[in-house]
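kindly generate the corresponding structure for this input.
(one chain, ligands or ions: 2)
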Amino acid sequence: MKKGRMKYIVIIIVLIIYGVFMYLFFGIDESRERRASTTLLIGDSTVWNYSARDWMNVTNKQSLSSLDWQKFHVYVDNEYFGNYSVWLDDKWYLFDDNRNAVNYQGDLFAYQADFDMDVLPFTLSDIDDFSYVNQVLEEYELSSNASYTLANMTSFDFDKDGVLEDFYFVSNVFATDFFPDKYFSFVFMVKSGKIYMLYEDVDQNDGTNGCRPQLYTAADVDDDRSYELIVECSRYSVQEPVIMLYEFLDDEFKITISNQ
Ligand SMILES: [Ca+2]
Ligand SMILES: [Ca+2]
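Numbers count the residues shown, from 1 in each chain. Ligands and ions are numbered 1, 2, ... in the order given. The predicted structure is shown next:
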């Protein structure tokens, strides 16, 4: 009798521990993500709104002008710049609490959210070792003896496992001093020797087609404790770049929203 009761107590304790464990690891993240809402300003051409797990491009004039004089956490060229009121005209203008204009130069990323956004600092550098780049070029039957108009990389701990991942950005678009038959643009991550593609574009080159990709922001934009990447892709003599939000889901990168 005593032994039987002990068995039930043990089972109940195990179930309670299991329940607490499941809640901590899944329940909190779920409810964090569901609650999270944010508005992002990415350069002068893109405004995204996220709420109830849904991303939306904010494009109509009325919605955009409703953001005027609202306060945002502002980053310029990937560095924290301050908490300012914004105002949209031909670009986003910033104002301090006394409504004095605050000048800035560089790429603007700003957010307003019901959580503190984790924005990852990064710096781009030249690629020293082209072995992964050559591997990608080979897969696309492109010569590894390529000339580039873009060849840089950055490293940060994208998945928070304590080990840095490498991100590569390579392209030969818009070349002026050489003329390849085919243009290419690739953005990929290397983790533990494996290549994970974000952006790939290869086609016949006419000198002005294709687009030049660059990392714009790395941040946990939906507060689910995993980072997302915002990639900007610039086109030849088109002022508005393509802006894409990448999420890492089921072992691959997916575009969650794009401005076009
Ligand atoms: Ca990592
Ligand atoms: Ca996230």
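
helix or strand with the lowest mean pLDDT in the protein?
In the chain, the helix or strand scored least confidently by mean pLDDT, DSSP states H and E is helix 28-35, which has a mean of 63.

helix or strand right after it?
strand 38-42 (DSSP states H and E).

buried stuff in that following strand?
Of all the residues in strand 38-42, those buried under the rule 16 or more other C-beta atoms under 10 Å are T38, T39, L40, L41, I42. Every C-beta, even on glycine, is put in place using the N, C-alpha and C of the backbone.

what is the neighbour count of the closest residue in space to the first one that isn't next to it in sequence?
Taking C-beta to C-beta, 6 or more residues apart in numbering as the measure, T38 lies nearest to A113, with 3.7 Å between them; neighbours along the chain are not counted. Other residues within reach of A113 by the criterion other C-beta atoms under 10 Å amount to 17.

A113 and A36 touch, don't they?
Yes: shown here, A113 and A36 form a contact pair, counting by C-beta atoms under 8 Å, at 7.0 Å.

mutual contacts of these two, please.
Residues touching both A113 and A36 (C-beta atoms under 8 Å, 6 or more residues apart in numbering): D223.

and this protein, which of its residues are near ligand 2?
D220, D222, D224, S226 (C-beta under 5 Å from the ion).

where's the second one, which helix or strand?
Okay, so that is D222. Using DSSP H and E, no helix or strand contains D222.

by proximity to ligand 1, which residue of the stretch 1-150 of the chain wins?
Nearest residue of the stretch 1-150 of the chain to ligand 1 (C-beta to the ion) works out as L120 at 11.5 Å.

for the closest residue in space to that residue that isn't next to it in sequence, helix, strand, or coil?
Spatial nearest neighbour of L120, chain neighbours left out: A218 (4.0 Å); criterion: C-beta to C-beta, 6+ apart. Assigned state for A218: strand (three-state reduction, DSSP: H, G, I helix; E, B strand; the rest coil).

likewise R99?
Secondary structure, three-state DSSP: R99 is coil.

how near is the nearest residue to R35 once chain neighbours are set aside to I255?
Leaving aside its chain neighbours, R35 sits nearest to D114 (7.0 Å; criterion: C-beta to C-beta, 6+ apart). To I255, D114 is 25 Å away according to C-beta to C-beta, to the nearest Å.

same thing with D107?
Distance of D107 to I255, given as C-beta to C-beta: 20 Å.

more neighbours: the two, which one.
Set D107 next to I255 and count neighbours by other C-beta under 10 Å: D107 wins out with 16 against 12.

so what pLDDT did that one get?
D107 is assigned a predicted lDDT (pLDDT) of 96.

correct me, but it touches F81?
No: using C-beta under 8 Å, D107 is not in contact with F81, being 10.8 Å away.

touching, Q260 and V242? I think so.
Yes: under the criterion of C-beta under 8 Å, Q260 makes contact with V242 at 6.0 Å.

who's more crowded, the two?
Using other C-beta under 10 Å as the criterion, Q260 and V242 rank with V242 on top: 18 against 10.

contacts only, for the more buried one.
Applying C-beta under 8 Å, 6+ apart, the residues contacting V242 are C211, E232, C233, R235, S258, N259, Q260.

assign the residue nearest in space to the middle of the chain to helix, strand or coil.
Nearest to the mean C-alpha position of the chain, counting by C-alpha atoms, centre = their mean, stands L229 at 1.4 Å. Following three-state DSSP, we place L229 in the strand state.

distance of the residue nearest to it when sequence neighbours are not counted relative to W55?
Spatial nearest neighbour of L229, chain neighbours left out: Y246 (4.4 Å); criterion: C-beta to C-beta, 6+ apart. Applying C-beta to C-beta, the value for Y246 to W55 is 12 Å.
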